[in-house]
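Novice: sequence below, structure please.
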Amino acid sequence: MNFSLTQEQTLIIETTRAFVENELYPHEEEIERSGVLEMDLVRELQKKAMEAGLYAANIPEEFGGGGLDTLTWLLYEKELGRANYALHWTCVARPSNILCAGTPEQRAKYLDPCLKGETWDCLAMTEPGAGSDLRGMKASAKPARNKQGAGSNSDWILNGTKHFISHADIAGFAICFMKSGEVETPRGPKAEITAFFVDKDTPGFTVRDGYNNVSHRGYTNAILEFDDCRVPAENILGEVGKGFEVANDWLGATRLQVAATCLGRADRAFQHAVNYSAERKQFGQQIGKFQGVSFKLADMAMELKAAELLTWDAGSKFDEGECTDSDMAMAKLKASEVLAMVADEAIQIHGGMGLMDDLPLERIWRDARIERIWEGTSEIQRHIISRALLRPLGG
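Specialist: Below is the predicted model:
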């Protein structure tokens, strides 16, 4: 296994890190204080990100994006992950890859404006009563009854509620996953899910403010309500009843994206801990010379390396079609839990100063908590891993 970097990868890492440190870090304090990311700032940083070639780097080149291979994309995501989440996600946008699954007409209407920075997309899956159990969603889509009756070209009527929908307030449209039917299986009824493009101004579609979140200030969530919301059949993404299939085909690497951004924040916290251990003196010597601190640093370095190797390994396999669900689950699980450990230990090494907002550590510590929940909880990741181990044995 050889993870030596190419010249191009090294250049992308250096370019991205310089952008993060010079353009994003200076605005973190204000966003942490206000909890608001002003649109004027977004537009300013968007323009700079585009000029630096960093915008929409995840989208394949054939669709107009940066076309990074998966491993290089994850190296880039790690560098972006060092900064406040709202800043890097909104201002250096990476549109959902699932937009590439649309028809040419759908890509022109929805993907192209995202690539140009004119709007953003949002994915709507989670419901108040269906988090990890997506098959348990209740929000429904039913064919509308026209004069000739329901048919393949009928409009669809959407009803129900979604919540925890990231940055829906600024998105021009939502990609909504709705229960469109039910089929019988040996294990009982199974929901059929269909994905729809729903424009922001569609009658019956309402975006409401979401919840105040302890993690990622400035990065918003929203509640989406559908009340007899009528959308045309041409807004179906993929096929009727095949919403999960199109999501699995195009959104699989999002767990690796979470892993990579976790690594960026963990590395930032770790570097603060190392520097402080070398600078801070107590009882006449550097605190890094005390075993209680030096062993913490050793454990942090080891766990970070393990999380990196799992993530880069999965990324290197992804484009070859060799990356399994278990590979991605291990990377996401390890990186998110290592981030929590490193953030906590970095604060412990700094003592009281670690909890003050003079340093980014208390923010990284708060932000770390959500990573073990979204894109599949730690428990879900362990379920995926254990299922892969037991299924071949009949378990």
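Novice: excluding its backbone neighbours, what's nearest Val36?
Specialist: Spatial nearest neighbour of Val36, excluding adjacent residues (C-beta to C-beta, 6 or more residues apart in numbering): Gly218 at 6.2 Å. Where C-beta positions appear, they are placed from N, C-alpha and C, glycine not excepted.
Novice: that neighbour: what secondary structure?
Specialist: coil (DSSP: H, G, I helix; E, B strand; the rest coil).
Novice: helices of the stretch 201-350 of the chain, start to end?
Specialist: 243-251, 254-279, 291-318, 325-350 (DSSP state H, counting those that start in this stretch).
Novice: helix or strand right after the last one?
Specialist: When you say that, I think you mean helix 325-350. The helix or strand immediately downstream of helix 325-350 is helix 361-371, counting by DSSP states H and E.
Novice: just to revisit the earlier point, give the contact list for the residue nearest to Val36.
Specialist: 31-32, 34-37, 84-87 (C-beta atoms under 8 Å, 6 or more residues apart in numbering).
Novice: please tell me how far Phe177 sits from Leu134.
Specialist: According to C-beta to C-beta, to the nearest Å, Phe177 stands 7 Å off from Leu134.
Novice: who's more crowded, those two?
Specialist: Phe177 (25 against 17; other C-beta atoms under 10 Å).
Novice: show me the shaky parts of this structure.
Specialist: Low-confidence segments of the chain (pLDDT under 70): 1-2, 146-153.
Novice: quick one, domains of it?
Specialist: Per the record, the chain has its domains at 7-94, 104-110+120-249, 252-393, by automatic domain parsing.
Novice: just to revisit the earlier point, identify the farthest-apart pair in the contacts of Gly218.
Specialist: Farthest-apart pair in the contacts of Gly218 is Ser34 and Tyr85; separation 15.0 Å (C-beta to C-beta).
Novice: higher neighbour count, the two?
Specialist: Neighbours per residue (other C-beta under 10 Å) separate Ser34 from Tyr85, with Tyr85 holding more: 22 against 11.
Novice: the more buried one is in contact with Ala368, isn't it?
Specialist: No - look at Tyr85 against Ala368 with C-beta atoms under 8 Å: they stay out of range, at 11.0 Å.
Novice: anything in contact with each of the two?
Specialist: In contact with both Tyr85 and Ala368: Ser215, using C-beta under 8 Å, 6+ apart.
Novice: quick one: contacts for the closest residue to Asn97 other than its chain neighbours?
Specialist: Leaving out its chain neighbours, the residue that sits closest to Asn97 by C-beta to C-beta, 6+ apart is Trp250, at 4.8 Å. Neighbouring residues of Trp250 by C-beta under 8 Å, 6+ apart: 96-98, 100-101.
Novice: ok, now Lys332?
Specialist: 255-256, 258-259, 375-376, 381.
Novice: overlap in contacts of Phe177 and Leu134?
Specialist: Common neighbours of Phe177 and Leu134, using C-beta under 8 Å, 6+ apart, are 125, 193, 244.
Novice: count of residues packed around the last one?
Specialist: Phe244 has 19 neighbours, counted by other C-beta under 10 Å.
Novice: cool, and the one 5 residues further on?
Specialist: Burial of Asp249 is recorded as 14 neighbouring residues (other C-beta under 10 Å).
Novice: and what of Trp374?
Specialist: Per other C-beta under 10 Å, the neighbour tally for Trp374 reads 17.
Novice: and the one 3 residues further on, by the same measure?
Specialist: Using other C-beta under 10 Å, the number of residues around Thr377 comes to 15.
Novice: ok, back up a step: and of the shared contacts of Phe177 and Leu134, the nearest to Ala273?
Specialist: Met125 (36.4 Å).
Novice: name the nearest residue to that closest one, ignoring sequence neighbours.
Specialist: Spatially, and ignoring its direct neighbours in sequence, Met125 is nearest to Phe177 (4.8 Å; C-beta to C-beta, 6+ apart).
Novice: for the one you found, give me its contacts.
Specialist: So Phe177 contacts 123-125, 134, 137, 193-195, 243-244, 247 (C-beta under 8 Å, 6+ apart).
Novice: switch to 10 Å and redo it
Specialist: Counting by C-beta atoms under 10 Å, 6 or more residues apart in numbering, Phe177 touches 123-127, 134, 137, 139, 141, 162, 193-196, 237, 243-244, 246-247.
Novice: next up, phi/psi of it, please.
Specialist: Per-residue torsions, Phe177: phi -100, psi 120 (degrees, to the nearest 10).
Novice: with just CA atoms, put stretch 94-105 into PDB.
Specialist: Listed next in PDB are the C-alpha coordinates belonging to stretch 94-105 (Å, rounded to 0.1, in the frame of the first residue of the first chain):
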ATOM      1  CA  ARG A  94     -19.500  21.000  -3.300                       C
ATOM      2  CA  PRO A  95     -22.900  20.300  -4.900                       C
ATOM      3  CA  SER A  96     -24.500  16.900  -4.300                       C
ATOM      4  CA  ASN A  97     -23.100  14.400  -6.700                       C
ATOM      5  CA  ILE A  98     -26.600  13.000  -7.000                       C
ATOM      6  CA  LEU A  99     -27.400  15.900  -9.300                       C
ATOM      7  CA  CYS A 100     -25.300  14.200 -12.000                       C
ATOM      8  CA  ALA A 101     -27.900  11.400 -12.000                       C
ATOM      9  CA  GLY A 102     -30.500  13.700 -13.600                       C
ATOM     10  CA  THR A 103     -31.500  13.900 -17.200                       C
ATOM     11  CA  PRO A 104     -29.700  16.400 -19.400                       C
ATOM     12  CA  GLU A 105     -32.700  18.800 -18.900                       C
END
